[in-house]
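S.K.: Turn this into a model:
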Amino acid sequence: MTQEKLVTQIAATAVVDATARIGEGSKIWNFVQLAAHSVIGSNCSLGKGVYIDRHVIIGNNVRMQNEVLVSTGFVIEDDVFIGPGVLFTNDKFPRSHRNRDVSNLRWVVGKGATIGGNVTIMPDINIGEYAMVGAGSVLTKDVPKHGAVWGVPAKLMGFVCYCGYVFKENMSFKGEKTLKCGECGKSFKVTAPEIKKKNAKSKYYNITTQRG
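M.R.: Presented below is the predicted three-dimensional model:
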């Protein structure tokens, strides 16, 4: 039996640069703008008014709600959920007469992470796999894998399972520990907060985008 090919849907009001790449089965809704050399994976959904800046890379099965803005320099891995009005910034000290050179910088939102609505992500921030950022937060520090953060500025409040169950753990432990979810029964390892890495690695680095 042959597998049915997924249909890519692009709204007539969307603005898609000729160099942008869109994967099979993705849905690009009204007034979305995809800038030069941006990459959208398969089976993604980009809601009304989303803006994807130049050279941004988005994995598969990513869901973005309305009015999300992703600045140059970010890599968003598979299975990420991003709520409405989320803002990804890339310049700590912006001025109207200059642009920061981010051509050799990358910040990663890890596989399976969730970012609630109206979150502001400050420059040079990485979000670990399966982490969760509460709605309305301002993110000023890296979030570890499975980390649950919220607030202004956002603070690590606990850890979150693959299924979304949040453990409000004591943050004073060192090294690594294993947590078992009381909801789904899965176990996962978490690591105490570390000094952040400014230029994270991602499997998506093997995707080449032409600068310009």
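S.K.: Now do the buried residues in stretch 91-106.
M.R.: 91, 100, 102, 105, 106 (16 or more other Cβ atoms under 10 Å). For the C-beta atoms, the positions are set from N, CA and C on the backbone; glycine is no exception.
S.K.: show me the contacts for the second one.
M.R.: When contacts are counted by Cβ atoms under 8 Å, 6 or more residues apart in numbering, residue 100 touches 90, 91, 93, 94.
S.K.: What is the burial count for the first one?
M.R.: Residue 90 sits with 21 neighbouring residues when counted by other Cβ atoms under 10 Å.
S.K.: in a strand, that's where it is, yeah?
M.R.: No. Counting by DSSP: H, G, I helix; E, B strand; the rest coil, residue 90 is located in no strand; its state is coil.
S.K.: Can you give me the pLDDT of the closest residue to it other than its chain neighbours?
M.R.: Once flanking residues are discounted, residue 90 sits nearest to residue 71: 4.1 Å by Cβ to Cβ, 6 or more residues apart in numbering. Predicted confidence (pLDDT) for residue 71: 97.
S.K.: Residue 71 is in contact with residue 55, isn't it?
M.R.: No. With contacts counted by Cβ atoms under 8 Å, residue 71 stays clear of residue 55, the gap being 10.1 Å.
S.K.: Between the two, which has more neighbouring residues?
M.R.: Set residue 71 next to residue 55 and count neighbours by other Cβ under 10 Å: residue 55 wins out with 23 against 20.
S.K.: ok so, going back, could you dump the buried residues of stretch 91-106 into CSV and include secondary structure and pLDDT?
M.R.: Compiled in CSV, the buried residues of stretch 91-106 are given as follows (DSSP: H, G, I helix; E, B strand; the rest coil; pLDDT from 0 to 100):
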residue, secondary structure, pLDDT
91, coil, 95
100, coil, 93
102, coil, 92
105, coil, 92
106, coil, 95
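S.K.: how about those residues in a markdown table, adding distance to residue 116?
M.R.: Listed next are these as a markdown table, based on distance: Cβ to Cβ, whole Å:
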| residue | distance to residue 116 |
| --- | --- |
| 91 | 23 |
| 100 | 27 |
| 102 | 25 |
| 105 | 25 |
| 106 | 23 |
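S.K.: ok, so of the residues you listed, who is nearest residue 77?
M.R.: Of all the buried residues of stretch 91-106, residue 77 sits closest to residue 106, with 11.6 Å by Cβ to Cβ.
S.K.: Can you give me the neighbour number for residue 136?
M.R.: 16.
S.K.: so what's residue 143 up against?
M.R.: Contacts for residue 143 (Cβ under 8 Å, 6+ apart) come out as 113, 125, 126, 127, 128, 131, 133, 149, 154, 156.
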